[in-house]
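Engineer: sequence-free structure coming up:
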């Protein structure tokens, strides 16, 4: 079991996406998605200007390819409806890569596309698909704007510029003990979210 910890620069409900009963990481962080396995933990920490608090923690229950993720009926609700008049929970879906054959994908209108011009964003597309996999967690805690302070005894786990995954056994055990005590499910709205949009509350269930 490994633990991957990274800085969440943009917390808008898209990456990770904690809605519809599972927490998924389908975009951004390609190196983590390429390496992580079932049973591993992924933790997100807010930037230094937000006091490096814990934004989310997810224990990976499935690792899917992009075609599998798109076709799986369990994750249809995570396909985005990018119309600006829709609740943000619908706009920020991360199931954005539709297989079109021969290993190619069409990027749906989403937070990673050029929505103004209804075009794909090739840079984001290549970056996302470079991660090969989508990480799915039934067991997760998502705090968003209610991100919690990391205990001083665990400050060793705070990431640097990229991500941190090398811990000794004692450090790993201490991190896991901490995250296992956290309350499950969605505990707050994403940081980059309109205050008058309560759609983040619509699904709080998790495994």
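Structural biologist: Sure thing, it's come through. Just so it is clear, the structure is predicted and the values come from calculations on it, not from any experiment. Residues are numbered from 1 along each chain as shown.

Engineer: Check what contacts the longest helix seen in the chain and list those residues.
Structural biologist: In the chain, with assignment by DSSP state H, the single longest helix is helix 169-180. Residues from elsewhere that reach helix 169-180, judged by C-beta atoms under 8 Å, 6 or more residues apart in numbering: 1, 3, 41, 43, 57, 59, 141, 151, 153-154, 156-157, 167. Every residue, glycine included, has its C-beta placed from N, CA and C.

Engineer: Can you report how many residues lie near residue 2?
Structural biologist: By other C-beta atoms under 10 Å, 16 other residues sit near residue 2.

Engineer: quick one: the residue lying closest to residue 50 once chain neighbours are set aside from residue 199, how far?
Structural biologist: Excluding its sequence neighbours, the residue lying closest to residue 50 (C-beta to C-beta, 6 or more residues apart in numbering) is residue 147, at 7.2 Å. Computed as C-beta to C-beta, to the nearest Å, the residue 147 to residue 199 distance reads 20 Å.

Engineer: So which residues of the protein form strands?
Structural biologist: Counting by DSSP state E, one finds strands in the chain at the ranges 3-7, 23-25, 41-45, 54-59, 62-65, 97-101, 104-107, 133-137, 139-142, 163-164, 185-186.

Engineer: Next, format the ones you listed as JSON lines and append distance to residue 176.
Structural biologist: As requested, the strands of the chain are exported to JSON lines (distance: least, C-beta to C-beta, whole Å):
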{"stretch": "strand 3-7", "distance to residue 176": "7"}
{"stretch": "strand 23-25", "distance to residue 176": "17"}
{"stretch": "strand 41-45", "distance to residue 176": "7"}
{"stretch": "strand 54-59", "distance to residue 176": "9"}
{"stretch": "strand 62-65", "distance to residue 176": "19"}
{"stretch": "strand 97-101", "distance to residue 176": "31"}
{"stretch": "strand 104-107", "distance to residue 176": "35"}
{"stretch": "strand 133-137", "distance to residue 176": "14"}
{"stretch": "strand 139-142", "distance to residue 176": "12"}
{"stretch": "strand 163-164", "distance to residue 176": "15"}
{"stretch": "strand 185-186", "distance to residue 176": "19"}
